[in-house]
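S.K.: need a 3D model of the following:
(2 chains)
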Amino acid sequence: MKNTKKINPILRYFYTLISMFRTNIRDYGMYIALFVIFIIFTIMTGGIFLSPINFTNLLNQTAYVAVLAVAMTLVIVTRQIDLSVGFLGAYLGAYVVVAVENNDEKVWWALVSALIITIAVGFIKGFAIAKIKVPSFVVTLAGMFIFKGLLMLKTNNRTISTSNEFFNKIGIGYLTSIKIGGFDLISLIFGLSLIASLIIGSSLSRRKKKALGIPNERLEIFLTKMVFMSGIIFFLTYNLAIYKGLSYLLLITIIVVVIYFFITTQTVLGRRIYAVGGNPEAAELSGISVEKIIVFVFISMGILSLVSGIMYVSRTQNTSPNHGPFWELYAIAAAYIGGTSANGGFGKIVNAVIGSIVIMSLKNGMALAGVDANIEPIVLGSVLLLAVVFDIYTRNVRGADLVGMHYAKMKFKNDLIRAKQEQAKVKLELERAKKDNKPNLLDYEYKYTNATAELAKIRELIRSAKEEDYIRA
Amino acid sequence: MENNDILIMKSISKSFPGVKALDDVNLNVRQGEIHFIVGENGAGKSTLMKVLSGIYPTGTYNGDIIMNNEIKHFHGINDSVGCGIVIINQELALFSNLTVYENIFVGHEIRKSNGLIDWDLTKETAKKYLDMVGLDVDIHDLVGSLSVGKQQLVEIAKALSHNVKLLILDEPTAALNEDDSENLLQLLKTLKNEGITSIMISHKLKEVEAIADSLTVLRDGKTIIRMERSEINEQEIIKNMVGREIADIFPKRKKYEGGEVVFETVHLNAYDKEKNRFLVNDVNIKVRKGEVVGIAGLMGAGRTEIALTIFGNSRKYRTTGNTIVFGKSVNLSSPKIAIENGIAYVSEDRKRNGLILTENITENVTIAALKSISRNGVLNFIKQAQVTESYVKRLEIKTPSVLQKVRNLSGGNQQKVQVGKWLCVNPKILILDEPTRGIDVGAKFEIYTIINQLIENGMSIIIISSELPEIMGMCDRVYVIAEGVQTAEFNIEDATPEKIMEKATL
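M.R.: Residues are numbered from 1 along each chain as shown, chains lettered A, B, ... in the order given. Predicted coordinates:
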């Protein structure tokens, strides 16, 4: 098609952008949801929601759920569930606080003991599930009851406060640094280096793909993405820097996320976890020990329950028999909102964190806007359901290349019009034949089917057109 | 438009991602005949029947289904059953935990006026249908306790209870022994006399010759020919099915000249605790360097169980006996150990336990060899992509990119991905379990060519297959297995399909 008119570059840019968006709608859905939630609450609270102080507060609130959600994602990816982590986390928090406050133990020693306990618990859960083949729902439901009881025993059914420096720092402390022109230096450096590593990392992987001949997205789309993501990170950084900077809670969360992101995307272990979730039998026959992977996943869940528990008791500066309920359900909901598949084999760490932010934004925003507290769980449940419905609907979404479609539309314009006219004509004939009750009605039906098929064929040609086919020609 | 056509399927086309399963297929079936659909695996027979029975609902395919001169739009299997079309699949749709009479009426229970189930009438009617199909069992028996042949008859009785006009049977005799097959064919004739039209999918051409009134040959999703009773003969059918000379199906390889024994099992037994019986019973096989060894036998004879026992016993059978790899006795207690000892296993059911369908080609090809493409547990993505690319080229996997989801590939290409995955671990002994099941003729030829290349490079291969031509065409030596017992060993020059079959049906 030498004489096909070249598409206007600006139009092409927007077409490609929309095409990418449509093709990957499943990945972007959650970000759109978060964006909408932010806008709604910002309006409802007259801007307070996105103020630096509340924004920092929101992220600090999210930390303990995000940490749980990260580990829970791996549990769900391997087709399991863990209902015990809420009370396990609360119990471990209580264990450490009681050890420090009542028994005068050193903090580090209490932490190490708690770590040993939680690793042992994770091992027992994993062993029962993987080796003895007790369904994880049952094992962890039992764990939920058990740790609830242990929590009440440990706290003696009383709230025990702590004023230990360690909890103080973790719970409400911020990284000390200098203020420059009212901005916290460390968080500024942190944000800028995050932007730098994002750009460098993405460019490197782009070059890698190019070297391997794997198709890359177009340069202008890549740049748009970079500008957009840098903008978001910058906004985050700005909001943190203008208030108190980076809290310890946030720092720990970021470290956890980075470690898990690395494990899941860059390591053999990560690939194996996803393989076990995708098809356990095939994984076993590929020489992967499914049992070991599942035990690992539950131990990792245990360790992050400890982290989460410590975060919570530090934030509240006390341990209480009332801690624990719903933590695991928030974590599970966050993973699902983040698009983790209940059928296993699919789920992203970063998306689970976004899922946690969605949940905590709803809680935080509604409280701030003065919505009746009884409404909150109803909204939360509805959002969870919507998110999963959205995920299922978009699972098999087919990518469309709007630029290719544009070219194809020009090319097949006349064919399309002709096919449409033909179909309309045949349809009319068929209806007339039906009215007259003609004996060879079937012939008319055939004609109609054929015309419809012809039209569908052309539409399909247009729908599946790719830009490359037209550039080279 | 002949009036005695009970069914016309006109210009049916259906696509799946990556394959055109049906391409303008036409099928005409006359009232009261037994019509056969024949074709190689992957020719589109089962897909066509799924379209007819509404499993693929109207709108997901192009073309028309015309029954008794009326265009039908089936939105689901209930619609087709409502029109008297009943399909009996290869995998029987029975509940093994329910009784015979419950199975017959499941989904359309006979009710009393108050809405409760009328068990007395149910049992009475069930008996009537069992008499019609000539099945002599207690209606209170659990279906799970019946033999496959009898279960098949229960399915037909169930079809009759639906007031069937057009009965579709998808390879009904594949899992049956000779007597049961004969019974079934007789039954079809009886039903024909009662006015029930049947469509049958079969690979057994002898059957076709014996009872077909007419047949349609499909190849690569297209209708090749419709033959009438008088025109039917085996040679002609095969020619149309394959579309090429039979000699071409198996590529030539230079004659096997012998080599040292690389693998051996000595008195290998495997006992299944759950089923309470021996699945592998005193099996002694030897594999030499550069040799293709066949394991023949009927489905369910224990061939796959032998392979799984050798390949690390992932199903945890209780085993005794010795496995000797390269002259050393090795306890192959996990797939990992088997792989480390140079054994690889391409599974018979690639979707269930061979591939991770939701992942892309790269992940699947490298999943068993992650160690070799990583350092200190961190993956090297460049190496991963390069390795995958090299196998995609070498095995001629047809795909737009190595990042394509395996789910979207055709059967033949999926099988090649599975082979690639195992070549990745550099095996010395490759076990191929039904390597060409469900893939088209062209891809079969390519798989055979790959096997020959591997043999020339000094690999040893075990082929497990229920297709005797494949065994005869590809193997140097063959063991025959029946009910877990090794019943014969032939050099291929001494073997004939008849001899093998005789030993397989002991």
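S.K.: show me the domain layout of the chain.
M.R.: Looking at chain A here, since you left the chain open. A:23-173+A:247-393, A:178-242, A:400-472 (automatic domain parsing).
S.K.: look at chain B instead
M.R.: Annotated domains of chain B cover B:5-246, B:260-342+B:427-436+B:455-506, B:349-426 [automatic domain parsing].
S.K.: reformat the domains of chain A as a markdown table; add mean neighbour count.
M.R.: For every residue, glycine as well, the C-beta is placed using N, CA and C. Formatted as a markdown table, the domains of chain A follow (neighbours: other C-beta atoms under 10 Å in any protein chain shown):
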| stretch | mean neighbour count |
| --- | --- |
| domain A:23-173+A:247-393 | 20 |
| domain A:178-242 | 14 |
| domain A:400-472 | 16 |
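S.K.: select, out of these, the one closest to B:Thr122.
M.R.: domain A:23-173+A:247-393 (35.0 Å; C-beta to C-beta).
S.K.: okay, how far is it across that closest one, tip to tip?
M.R.: Distance between the boundary residues of domain A:23-173+A:247-393 (C-alpha to C-alpha, to the nearest Å) amounts to 13 Å.
S.K.: quick one: mean pLDDT over it.
M.R.: For domain A:23-173+A:247-393, mean pLDDT is 94.
S.K.: to the chain's geometric centre, what's the distance from that domain?
M.R.: Distance of domain A:23-173+A:247-393 from its chain centroid, counting by C-alpha atoms, centre = their mean, to the nearest Å, is 13 Å.
S.K.: now swap in stretch B:183-197 and tell me
M.R.: Centroid displacement of stretch B:183-197 relative to its chain, using C-alpha atoms, centre = their mean, is 26 Å.
S.K.: show me what contacts A:Ile354?
M.R.: A:30-31, A:34, A:337-338 (C-beta atoms under 8 Å, 6 or more residues apart in numbering or on different chains).
S.K.: try 7 Å
M.R.: By C-beta atoms under 7 Å, 6 or more residues apart in numbering or on different chains, A:Ile354 lies in contact with A:30-31, A:34, A:338.
S.K.: pull the number of nearby residues for the residue of the stretch 1-150 of chain B found nearest chain A.
M.R.: Residue of the stretch 1-150 of chain B nearest chain A, by C-beta to the nearest C-beta: B:Asn62 (4.8 Å). For B:Asn62, the count of nearby residues is 18 (other C-beta atoms under 10 Å in any protein chain shown).
S.K.: enumerate every residue touching it.
M.R.: B:Asn62 is in contact with A:453, A:456, B:11, B:13, counting by C-beta under 7 Å, 6+ apart.
S.K.: could you list the buried residues of the helix or strand harbouring the last one?
M.R.: Going back to what we said before, that points to B:Ser13. Applying DSSP states H and E as the criterion places B:Ser13 in strand B:5-16. For strand B:5-16, burial by neighbour count (16 or more other C-beta atoms under 10 Å in any protein chain shown) applies to B:6-14.
S.K.: any chance of these in a markdown table, with pLDDT and distance to B:Gly115 too?
M.R.: Shown next, in a markdown table, are those (pLDDT from 0 to 100; distance: C-beta to C-beta, whole Å):
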| residue | pLDDT | distance to B:Gly115 |
| --- | --- | --- |
| B:Ile6 | 90 | 35 |
| B:Leu7 | 92 | 36 |
| B:Ile8 | 91 | 40 |
| B:Met9 | 93 | 39 |
| B:Lys10 | 89 | 42 |
| B:Ser11 | 89 | 45 |
| B:Ile12 | 91 | 41 |
| B:Ser13 | 89 | 44 |
| B:Lys14 | 88 | 40 |
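S.K.: which parts of the stretch 401-506 of chain B are helices?
M.R.: B:411-423, B:441-456, B:468-474, B:497-504 (DSSP state H, counting those that start in this stretch).
S.K.: brain fart, the stretch 101-250 of chain B
M.R.: B:119-132, B:148-161, B:178-193, B:205-211, B:234-242.
S.K.: measure A:Tyr336 to A:Gly355 for me?
M.R.: As judged by C-beta to C-beta, to the nearest Å, A:Tyr336 and A:Gly355 stand 7 Å apart.
S.K.: pLDDT score for the residue of the stretch 101-250 of chain A found nearest chain B?
M.R.: Across the stretch 101-250 of chain A, no residue is closer to chain B than A:Leu212, which sits at 4.7 Å (C-beta to the nearest C-beta). Turning to A:Leu212, the model gives it a pLDDT of 72.
S.K.: what sits against the residue nearest to it when sequence neighbours are not counted?
M.R.: Using C-beta to C-beta, 6 or more residues apart in numbering or on different chains and skipping residues adjacent in sequence, the residue nearest A:Leu212 is B:Ala385, 4.7 Å away. By C-beta under 7 Å, 6+ apart, the contact set of B:Ala385 is A:212, A:214, B:362, B:402.
S.K.: please apply the same query to B:Glu389.
M.R.: Listed by C-beta under 7 Å, 6+ apart, the contact set of B:Glu389 reads B:Val402.
S.K.: just the element for it, please.
M.R.: helix B:381-394.
S.K.: what's the angle from that helix to helix B:441-456?
M.R.: Going by axes from the mean of the first three to the mean of the last three C-alpha atoms, to 10 degrees, helix B:381-394 is angled at 110 degrees with respect to helix B:441-456.
S.K.: relative orientation of helix B:381-394 and helix B:411-423 in degrees?
M.R.: Angle of helix B:381-394 versus helix B:411-423, following the same axes, to 10 degrees, is 130 degrees.
S.K.: quick one: buried residues of helix B:381-394?
M.R.: B:381, B:384-385, B:387-389, B:391-392.
S.K.: pull the host helix or strand of A:Val121 out as CSV, backbone CA atoms only.
M.R.: Using DSSP H and E, the element containing A:Val121 is helix A:107-130. What follows is helix A:107-130, C-alpha atoms only, in CSV (Å, rounded to 0.1, in the frame of the first residue of the first chain):
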residue,chain,number,x,y,z
VAL,A,107,14.5,-5.9,72.6
TRP,A,108,16.8,-7.7,70.2
TRP,A,109,16.5,-10.9,72.2
ALA,A,110,12.7,-10.7,72.3
LEU,A,111,12.7,-10.1,68.5
VAL,A,112,15.0,-13.1,67.9
SER,A,113,12.8,-15.4,70.0
ALA,A,114,9.7,-14.2,68.3
LEU,A,115,11.4,-14.8,64.9
ILE,A,116,12.3,-18.4,65.9
ILE,A,117,8.7,-19.0,67.1
THR,A,118,7.2,-17.7,63.9
ILE,A,119,9.6,-19.7,61.7
ALA,A,120,8.6,-22.8,63.6
VAL,A,121,4.9,-22.0,63.2
GLY,A,122,5.4,-21.4,59.5
PHE,A,123,7.2,-24.7,59.1
ILE,A,124,4.4,-26.6,61.0
LYS,A,125,1.7,-24.9,58.9
GLY,A,126,3.6,-25.6,55.6
PHE,A,127,4.4,-29.2,56.6
ALA,A,128,0.8,-30.0,57.5
ILE,A,129,-0.4,-28.5,54.3
ALA,A,130,2.2,-29.7,51.9
